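Enquirer: No sequence on hand, only this structure:
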């Protein structure tokens, strides 16, 4: 019996998801848990990397790929199939020129031999996505009557206002684990379907 030619044996695929901050990191970890719970197929191995600032998509992402993720993939016998970048759009809506050239970044990623470069544009911030599930938020905060509108010019300040109705203080970052773990991601997925679809394709979500 002839041994398999290792050069033609498909390598296991791996997906990298880059986020810009702690709240986004918590959110996307919970989103991946949701995907794993609904998909009939097992998700590919993935990593979520917090770059700690949107400007680091330009300065840090390529360096981490070159010096960390790609060498690890070669040494462990898998390939990086997709790089997904999730970013809040609020900064890009008020600053010109664009602080990250996504087209240039995508070309650089693909030159490294990575098939897919996926952008997940979180409009306008991750708090806006959290606010998509108002039923859960109000239950979690024990707010009896759901407000018809929220004061605040952006998602973050609207979250602060909602929390104030429960005499609590909204804090970004890892302290959002409780509320994010309680969210109904089916509701959020439906409302953000157009943005999440490319990520789901990269992950092979079939539900």
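Expert: That came through fine. Since the structure is predicted, the reported quantities are computational estimates derived from the model, not experimental observations.

Enquirer: Excluding covalently adjacent residues, which one is nearest to residue 20?
Expert: Once flanking residues are discounted, residue 20 sits nearest to residue 54: 4.5 Å by CB to CB, 6 or more residues apart in numbering. C-beta here means a position set from N, CA and C on the backbone, and glycine is covered the same way.

Enquirer: Check this structure for its longest helix and report it.
Expert: Ranked by number of residues, the top helix in the chain under DSSP state H is helix 22-38.

Enquirer: helices and strands around that one, which ones?
Expert: strand 13-19, strand 46-50, strand 79-88, helix 126-130, helix 177-182, helix 185-191 (3 or more CB pairs under 8 Å, 6 or more residues apart in numbering; DSSP states H and E).

Enquirer: Can you tell me what sits against the helix-or-strand element of the chain with minimal mean pLDDT?
Expert: Taking mean pLDDT, DSSP states H and E as the measure, helix 90-94 is the helix or strand of the chain with the lowest mean score, a mean of 77. Residues from elsewhere that reach helix 90-94 (CB atoms under 8 Å, 6 or more residues apart in numbering): 54, 98, 99, 100, 124, 125, 154.

Enquirer: Out of the helices and strands packed on helix 22-38, which gets nearest to residue 30?
Expert: Nearest to residue 30 among those is helix 177-182 (5.0 Å), distances taken as CB to CB.

Enquirer: what's the closest one packed up against?
Expert: helix 22-38, helix 134-141.

Enquirer: hmm, who's touching the shortest one?
Expert: Contacting residues not belonging to helix 134-141 are listed as 130-131, 143-144, 146, 162-163, 165-166, 168, 178-179, 182-184, 187 [CB under 8 Å, 6+ apart].

Enquirer: Now with 10 Å, please.
Expert: 130-131, 133, 143-147, 150, 159, 162-168, 170, 178-185, 187-188 (CB atoms under 10 Å, 6 or more residues apart in numbering).

Enquirer: tell me the domain boundaries of the chain?
Expert: As assigned by automatic domain parsing, the chain contains the domains 13-124+187-203, 128-174.

Enquirer: would you turn the ones you listed into JSON lines with mean neighbour count?
Expert: Output for the domains of the chain, formatted as JSON lines (neighbours: other CB atoms under 10 Å):
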{"stretch": "domain 13-124+187-203", "mean neighbour count": "16"}
{"stretch": "domain 128-174", "mean neighbour count": "15"}
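
Enquirer: ok, the residue nearest to residue 20 touching residue 105?
Expert: No: between residue 54 and residue 105 there is no contact, the gap being 11.8 Å when judged by CB atoms under 10 Å.
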